[in-house]
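> Test case, fold it:
(one chain, ligands or ions: 1)
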Amino acid sequence: MAESVLKLKEVSVFQKENLVLNDINLEIKKGEFIYLIGKTGSGKSSFMKTLYGDLPLNHGEGSIVDFDLRKLKEKDIPFLRRKLGIVFQDFKLLPDRSINNNLLFVLKATGWKDKTKMDTQVETVLDKVGMKTKGFKFPHELSGGEQQRIAIARALLNDPELILADEPTGNLDPQTSVEVMKVLQEINKTGRTILMATHDYALILKYPSKTLKCDGNKVFEVVQKAV
Ligand SMILES: Nc1ncnc2c1ncn2[C@@H]1O[C@H](COP(=O)(O)OP(=O)(O)OP(=O)(O)O)[C@@H](O)[C@H]1O
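Numbers count the residues shown, from 1 in each chain. Predicted coordinates for the structure are as follows:
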């Protein structure tokens, strides 16, 4: 049996005092690719934020990549984030430095010291997203799709056990979305677990996979109908 990378039991998600999601019971196993869908405001981002420690888990039990979310302290959050790869809709690259330096910055911030190993790791992750030749460029010199590939490369730097992608194709045109999706699929094929929040039903139809839905304060699995 594959080991679990995320387990939630009777979890409630709050934004301040407002209940967003209630009674979530969920297990994600190593190697799965899971979509999280739901209308605007249904709680997808709040759910993701609870998983990476941006919102506290005060109700229910949750473990993610060996961290107990209920016991998570402020000081644990950087260590949790090192085991997660997080990808956002707006790529969040640092505009004042090259792609290589964006990636080196993250490695330094997460405790890497050996320059040769750092350079090799930067090259490895850029290669994984098909951007090996673009490291010298600045973010504004890249297209949206290319910037998102770099953001995915950045998420891979510390070899994460779970990738949380919140609307990674939200700012991209349909064709570019498919290209970014292919990159995520490749990464999943190498054994990494991915949870991806999306509005993009065309992508889900093209790349069917287990799908969770946020609706009416609940999170539940939906079965995709053949079309
Ligand atoms: N920082 C915040 N403070 C208070 N309430 C918030 C905050 N962020 C979101 N909410 C509320 O929490 C609920 C869920 O929002 P959330 O952003 O999680 O939804 P979503 O499904 O990710 O939406 P979208 O698809 O538009 O990104 C909404 O009612 C929203 O108004």
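> What segments of this protein are helices?
Secondary structure of the chain by DSSP state H: the helices cover 44-51, 77-83, 99-109, 115-128, 144-156, 174-189, 201-206.
> pLDDT below threshold where in this protein?
Residues of the chain meeting the criterion pLDDT under 70: 1, 225-227.
> Tell me what residue 213 is bridged to.
Taking DSSP bridges as the rule, residue 213 bridges to residue 37, residue 220.
> Make CSV from the helices of the chain and add mean neighbour count and distance to residue 19 to it.
Every C-beta, even on glycine, is put in place using the N, C-alpha and C of the backbone. Listed next are these as CSV, based on neighbours: other Cβ atoms under 10 Å; distance: least, Cβ to Cβ, whole Å:
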stretch, mean neighbour count, distance to residue 19
helix 44-51, 22, 10
helix 77-83, 15, 23
helix 99-109, 19, 35
helix 115-128, 15, 38
helix 144-156, 23, 30
helix 174-189, 17, 31
helix 201-206, 14, 27
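> Looking at those helices, which is nearest to residue 38?
helix 44-51 (5.3 Å; Cβ to Cβ).
> Can you show me the CA trace of that closest one as CSV?
Below are the C-alpha coordinates for helix 44-51, written out as CSV (Å, rounded to 0.1, in the frame of the first residue of the first chain):
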residue,chain,number,x,y,z
LYS,A,44,-10.2,26.0,-2.5
SER,A,45,-7.5,28.5,-1.6
SER,A,46,-8.5,28.4,2.1
PHE,A,47,-8.1,24.6,1.9
MET,A,48,-4.7,24.9,0.3
LYS,A,49,-3.6,27.6,2.9
THR,A,50,-4.5,25.2,5.7
LEU,A,51,-2.3,22.6,4.2
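> one step back: out of the helices of the chain, which is closest to residue 166?
Closest approach to residue 166 among the helices of the chain (Cβ to Cβ): helix 44-51, 4.9 Å.
> Can you list the helices and strands that the closest one packs against?
Under the contact definition 3 or more Cβ pairs under 8 Å, 6 or more residues apart in numbering; DSSP states H and E, helix 44-51 sits against strand 4-15, strand 18-29, strand 33-37, strand 59-64, strand 162-166, strand 193-197.
> at 6 Å what do you get?
strand 4-15, strand 162-166 (3 or more Cβ pairs under 6 Å, 6 or more residues apart in numbering; DSSP states H and E).
> Tell me what the residue nearest the centre of the chain is bridged to.
Centroid check for the chain by Cα atoms, centre = their mean gives residue 164 as the closest residue, at 1.9 Å. Judged by DSSP bridges, the bridge partners of residue 164 are residue 86, residue 195.
> quick one on the thing from earlier: rebuild the helices of the chain as a markdown table, extending it with distance to the ligand.
Shown next, in a markdown table, are the helices of the chain (distance: least, Cβ to the nearest ligand atom, whole Å):
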| stretch | distance to the ligand |
| --- | --- |
| helix 44-51 | 3 |
| helix 77-83 | 17 |
| helix 99-109 | 25 |
| helix 115-128 | 27 |
| helix 144-156 | 17 |
| helix 174-189 | 16 |
| helix 201-206 | 13 |
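> Mind listing residues that contact stretch 63-78?
For stretch 63-78, the external contacting residues (Cβ atoms under 6 Å, 6 or more residues apart in numbering) are 5-7, 51, 53, 57, 62, 80, 83, 161-162.
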